[in-house]
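**Q** The sequence isn't on hand, but the structure is:
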């Protein structure tokens with residue numbers, strides 16, 4: 001093992017040697033060339049040539065090896081703020097044989113990680129910061145928090161070698177730096193090639209170091225907790241992504257923010273027991289290229305005691321333990337099949353609280369909740385929400401109002417597109433359910449639908465009309481105060497009457513879609529207190545388009561342009577001059593985080609093109625697109641040599657064009 005860690009550390013230092021050698025390959029020929037020239041010519045040509053060659057390569061090398069790591073947003077917790085949490089960390093550091101983190105910050109992600117501020121690709125260490133996710137404090141017990149913190153500190157343990165901490169922080173630094181080298185950086189090809197060699201040299205020690213960190217976690221927290229964390233951590237992370245996409249995202253885009261975001265996540269965690277069990281049992285897949293962790297199955301197997309050998313009856317020998325692992329004091333050796341994580345137990349507890357017996361396997365006894373280590377965890381969650389999810393002008397509401405506003409805005413967006421299509425087909429403005437009823441009364445609604453859905457059978461066209469009328473009547477009922485949403489943390493929301501009674505909008509839509517029964521539908525709507533002409537409320541006016549991607553330095557109709565792709569259209573921003581190219585992505589990222597009206601004010605000359613106004617779209621070349629507009633205009637979008645994307649920008653643009661070409 002000493003040879004492996006020495007090879008890893010030596011290969012790490014080789015990065016700096018490769019960078020220096022690469023620079024020398026440029027410097028030496030330039031100096032030889034200048035030495036052959038007369039003194040005056042060498043002086044006159046030396047500075048421009050050095051800048052054009054040595055200077056460019058030196059800057060490219062510095063840019064390749066120097067990356068800024070943004071600091072995660074969170075709430076710092078000092079030893080005075082949470083003495084019990086820091087005492088747990090003291091114990092974890094002692095178990096790992098390393099120093100305690102210099103700072104602890106509670107963050108919003110379901111993760112635990114230590115970031116060391118290193119220099120020279122990790123050859124020189126620095127301050128260590130522990131970033132601990134609030135969802136872990138909410139969902140886990142103390143034993144599991146012991147396991148995860150001991151594992152993170154175990155990365156810096158000298159147990160395998162005194163060089164082990166250096167090798168780990170170098171591996172992390174290289175894994176963060178190399179993938180971010182720009183494709184056109186002249187220093188990049190050789191450094192990326194050497195990185196592949198480095199990975200092969202470092203891989204055996206990397207695996208051994210991760211398994212050692214797991215063993216340190218098992219020694220400090222017990223093997224049951226150490227194994228459960230390996231399953232619970234990916235499950236919590238996956239459930240948090242579901243929570244953001246399904247519960248938080250729609251209302252956030254609608255211009256609202258829940259009053260207790262992390263409290264909502266805890267309710268989802270308790271309510272969706274089946275989903276948690278599925279996520280916990282799911283194979284997380286193979287690690288990514290620069291992930292230092294071996295596959296989870298291998299890590300669990302390494303922490304699982306080997307079975308006892310069968311008695312050797314024929315030989316009369318005494319049975320012996322074959323490779324049995326010795327559990328830590330106070331822990332019990334339980335096979336993985338009999339284990340359940342705290343997130344699973346939390347879900348079972350929510351069921352048993354109603355008087356029902358928990359279903360499934362016997363759960364191990366849990367220790368104190370991890371949240372008890374931090375005083376006033378709900379208050380900490382509200383403070384963290386303020387910095388990690390700033391409202392930025394959004395209205396703070398309770399979860400019921402948050403869900404209702406989100407669903408209503410989604411319905412309004414769907415209705416807007418359908419009404420615009422019906423308006424074009426009918427040749428008159430159609431703004432709400434009352435206008436649709438007028439069209440239905442004289443038979444024009446079905447004629448317009450037949451022109452929109454040309455080629456569909458009559459029954460399918462009638463079904464599309466019924467869906468549209470049902471949607472518009474639901475919006476009218478909500479705006480009239482005759483209906484409200486009844487929400488569930490586990491299923492779909494249900495639209496009910498204001499008094500909680502069943503609301504049959506499908507039957508009303510059937511009446512409203514038939515010219516012979518439109519009058520009866522109007523009477524029934526009046527009885528229910530539904531005004532079909534009710535307009536959008538304030539919740540729709542506050543709706544904010546969701547940014548799904550961005551590309552800088554495109555050429556749109558011959559002009560240098562930056563582009564944001566949002567869920568309702570394309571936002572075009574006049575591009576920066578080439579001299580300010582380095583600021584283009586940062587500026588577009590700021591626009592993406594701001595409100596759409598603020599983007600207009602911040603970038604004069606910007607233009608928003610709604611998808612509803614696009615008549616057709618085609619992709620002409622690999623990165624060239626043509627869009628035709630309903631007003632007779634067009635947009636020519638071309639990639640330039642210096643075009644670059646925000647994460648997912650090119651894919652988002654391709655998806656938008658594919659959507660527009662299919663639906664027009």
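**A** That came through, no problem. In this text the structure is predicted, and so the values were computed from the model without any measurement.

**Q** packing partners for the biggest strand by length in the chain?
**A** Ranked by residue count, the top strand of the chain under DSSP state E comes out as strand 634-645. Using 3 or more CB pairs under 8 Å, 6 or more residues apart in numbering; DSSP states H and E as the contact criterion, the secondary-structure elements in contact with strand 634-645 are strand 547-556, strand 624-629. Placement of C-beta: from N, CA and C, glycine included.

**Q** the inter-axis angle of the last one versus strand 634-645?
**A** Spelled out, that is strand 624-629. Going by axes from the mean of the first three to the mean of the last three CA atoms, to 10 degrees, strand 624-629 is angled at 140 degrees with respect to strand 634-645.

**Q** For strand 624-629, list every residue counted as buried.
**A** Under the neighbour-count criterion of 16 or more other CB atoms under 10 Å, strand 624-629 has 625, 627-628 buried.

**Q** Adding pLDDT, write these out as TSV.
**A** Below are the buried residues of strand 624-629 laid out as TSV (pLDDT from 0 to 100):
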residue	pLDDT
625	86
627	88
628	87
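
**Q** So which of the residues you listed is the closest to residue 259?
**A** Proximity of these to residue 259 was ranked by CB to CB; the top entry is residue 627 with 41.4 Å.

**Q** Look at the residue nearest to that closest one when sequence neighbours are not counted and report its pLDDT.
**A** Using CB to CB, 6 or more residues apart in numbering and skipping the chain neighbours, the partner closest in space to residue 627 is residue 635 (4.2 Å). In this model, residue 635 is scored at 89, pLDDT.

**Q** Repeat that for residue 477.
**A** pLDDT recorded at residue 477 is 91.

**Q** go on, residue 322?
**A** For residue 322, the pLDDT comes out at 28.

**Q** before we move on, back to that, would you check that the residue nearest to residue 627 makes contact with residue 558?
**A** No. Shown here, residue 635 and residue 558 do not form a contact pair, counting by CB atoms under 8 Å, at 11.0 Å.

**Q** what's downstream of the least confident helix or strand in the chain by mean pLDDT, the next helix or strand?
**A** Of the helices and strands making up the chain, the lowest-confidence element is helix 342-352, at a mean of 44, by mean pLDDT, DSSP states H and E. Beyond helix 342-352 on the C-terminal side, the first helix or strand identified by DSSP states H and E is helix 377-388.

**Q** What residues sit buried inside that next one?
**A** Neighbour counts over helix 377-388 (16+ other CB under 10 Å) mark 377, 380-381, 384-385, 388 as buried.

**Q** could the residues you listed be laid out in TSV, adding pLDDT?
**A** Output for the buried residues of helix 377-388, formatted as TSV (pLDDT from 0 to 100):
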residue	pLDDT
377	89
380	92
381	91
384	93
385	92
388	89
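
**Q** Using TSV, please lay out these together with distance to residue 422.
**A** As requested, the buried residues of helix 377-388 are exported to TSV (distance: CB to CB, whole Å):
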residue	distance to residue 422
377	51
380	51
381	46
384	46
385	41
388	42
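
**Q** just these now: which is nearest residue 394?
**A** For these, the closest approach to residue 394 (CB to CB) belongs to residue 385, at 11.7 Å.

**Q** for the stretch 1-150 of the chain, which spans come out with low pLDDT?
**A** Counting by pLDDT under 70, the stretch 1-150 of the chain contains low-confidence ranges at 1-9, 11-16, 19, 22-70, 118-123, 125.

**Q** try 80 this time
**A** Within the stretch 1-150 of the chain, the stretches with pLDDT under 80 are 1-71, 118-126.

**Q** Which parts of it are strands?
**A** Taking DSSP state E, counting those that start in this stretch to define them, one finds strands in the stretch 1-150 of the chain at 74-76, 103-107, 112-116, 128-133.

**Q** Return the most buried member of those strands.
**A** Highest mean neighbour count among the strands of the stretch 1-150 of the chain (mean count of other CB atoms under 10 Å): strand 128-133, with a mean of 23.

**Q** What angle do strand 112-116 and that strand make with each other?
**A** Interaxial angle of strand 128-133 relative to strand 112-116 (the same axes, to 10 degrees): 160 degrees.

**Q** And the contacts of strand 128-133?
**A** With contact meaning CB atoms under 8 Å, 6 or more residues apart in numbering, strand 128-133 is reached by 71-72, 74, 89, 99, 101-117, 149, 152, 156, 236.

**Q** Which neighbours in the sheet does that strand have, and how are they oriented?
**A** Under the criterion DSSP bridges, strand 128-133 sits next to strand 103-107 (parallel), strand 112-116 (antiparallel) in its sheet.

**Q** picking up where we left off before, what residues of the longest strand of the chain count as buried?
**A** Buried-residue list, strand 634-645, by 16+ other CB under 10 Å: 635, 637-639, 643-645.

**Q** can you redo the strands of the stretch 1-150 of the chain as JSON lines with distance to residue 427?
**A** JSON lines is the format used below for these (distance: least, CB to CB, whole Å):
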{"stretch": "strand 74-76", "distance to residue 427": "57"}
{"stretch": "strand 103-107", "distance to residue 427": "56"}
{"stretch": "strand 112-116", "distance to residue 427": "60"}
{"stretch": "strand 128-133", "distance to residue 427": "56"}
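
**Q** still on that earlier bit, just flag the most distant two among the buried residues of helix 377-388.
**A** Across the buried residues of helix 377-388, the longest distance by CB to CB is 15.1 Å; it joins 377 and 388.

**Q** Could you provide the helices and strands packed on strand 634-645 in a markdown table, with additional columns for distance to residue 402?
**A** Compiled in a markdown table, the helices and strands packed on strand 634-645 are given as follows (distance: least, CB to CB, whole Å):
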| stretch | distance to residue 402 |
| --- | --- |
| strand 547-556 | 20 |
| strand 624-629 | 35 |
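
**Q** So what's the residue count around the residue nearest to residue 512 when sequence neighbours are not counted?
**A** Nearest-residue entry for residue 512: residue 521, 4.0 Å, with adjacent residues in sequence omitted and distances by CB to CB, 6+ apart. Residue 521 has 24 neighbours, counted by other CB atoms under 10 Å.

**Q** Average pLDDT for the helix or strand harbouring residue 521, rounded please.
**A** Assignment of secondary structure by DSSP H and E places residue 521 within helix 518-528. This predicted structure assigns helix 518-528 an average pLDDT of 90.

**Q** Just the buried positions in it, please.
**A** When neighbours are counted by 16+ other CB under 10 Å, the buried residues of helix 518-528 are found to be 518, 521-522, 524-525, 528.

**Q** Residue 562: which of these is nearest?
**A** Within the buried residues of helix 518-528, the smallest distance to residue 562 is 47.3 Å, found for residue 525 (CB to CB).

**Q** What sits closest to the closest one if chain neighbours are left out?
**A** Nearest-residue entry for residue 525: residue 532, 6.0 Å, with adjacent residues in sequence omitted and distances by CB to CB, 6+ apart.

**Q** The stretch 101-250 of the chain: helices as residue ranges?
**A** Secondary structure of the stretch 101-250 of the chain, counting by DSSP state H, counting those that start in this stretch: helices at 134-139, 142-154, 164-177, 188-221, 223-242, 249-253.

**Q** Mean neighbour count, these: which tops it?
**A** For the helices of the stretch 101-250 of the chain, average neighbour numbers computed from mean count of other CB under 10 Å are highest in helix 142-154, which has a mean of 27.

**Q** Show me what that one is packed against.
**A** With 3+ CB pairs under 8 Å, 6+ apart as the test, helix 142-154 has helix 83-96, strand 112-116, strand 128-133, helix 134-139, helix 188-221, helix 223-242 packed against it.

**Q** at 6 Å what do you get?
**A** Under the contact definition 3 or more CB pairs under 6 Å, 6 or more residues apart in numbering; DSSP states H and E, helix 142-154 sits against helix 83-96, strand 112-116, helix 188-221, helix 223-242.
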